[in-house]
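Engineer: okay, predicted coordinates and the sequence, questions at the end:
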Amino acid sequence: MEKSKWLKRRVKEIKWLPDAEEHDYPAAEFFLRILYHEDRAAQVVASLRIAPIVQFKAKDIFIVSQLSLLGLSNAHVEKDRKKSRKGTSLSPLLLVRDEQNGKVVIADGYHRLCASYEFDEDALLQCKIV
């Protein structure tokens, strides 16, 4: 049986943690330092820490982020797919609005987004967005 069909049949819903894991915030800040000065990156992450959890469809996040879907051969995507199959909760995505360019930056959670999209493009993903 094709892998994606097996995953869709096996995983009834994607489970999410109530908040991002602590290690996700420094990872997001490290990534954001590529886009912003160090102080601005720290400010954005501080805002993400207190942002509420919201939901967006996987396909909509892809459209607005303007990123492509990573293939099933990506080890990080496969790791998150395995977590979903086992019923392990995933950490919410950390998103930053780039209003000037009309898109969203995925500060942390790109692999989780790709794994979730493979399960169901209409899946509602837990996110924090600033």
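Structural biologist: In hand now; what should we look at?
Engineer: distance between stretch 78-87 and the chain's centre?
Structural biologist: 14 Å (C-alpha atoms, centre = their mean, to the nearest Å).
Engineer: in it, what's buried?
Structural biologist: 78, 80-81, 83-84 (16 or more other C-beta atoms under 10 Å). (Glycine included, C-beta is placed from N, CA and C.)
Engineer: same deal with stretch 36-55?
Structural biologist: Buried residues in stretch 36-55 (16+ other C-beta under 10 Å): 41, 44-45, 48-49, 51.
Engineer: same deal with stretch 116-124?
Structural biologist: Neighbour-count burial for stretch 116-124, counted by 16+ other C-beta under 10 Å, picks out 116-120, 123-124.
Engineer: okay if I get those residues as TSV plus secondary structure?
Structural biologist: Converted to TSV, these look like this (DSSP: H, G, I helix; E, B strand; the rest coil):
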residue	secondary structure
Ser116	helix
Tyr117	helix
Glu118	helix
Phe119	helix
Asp120	coil
Ala123	coil
Leu124	strand
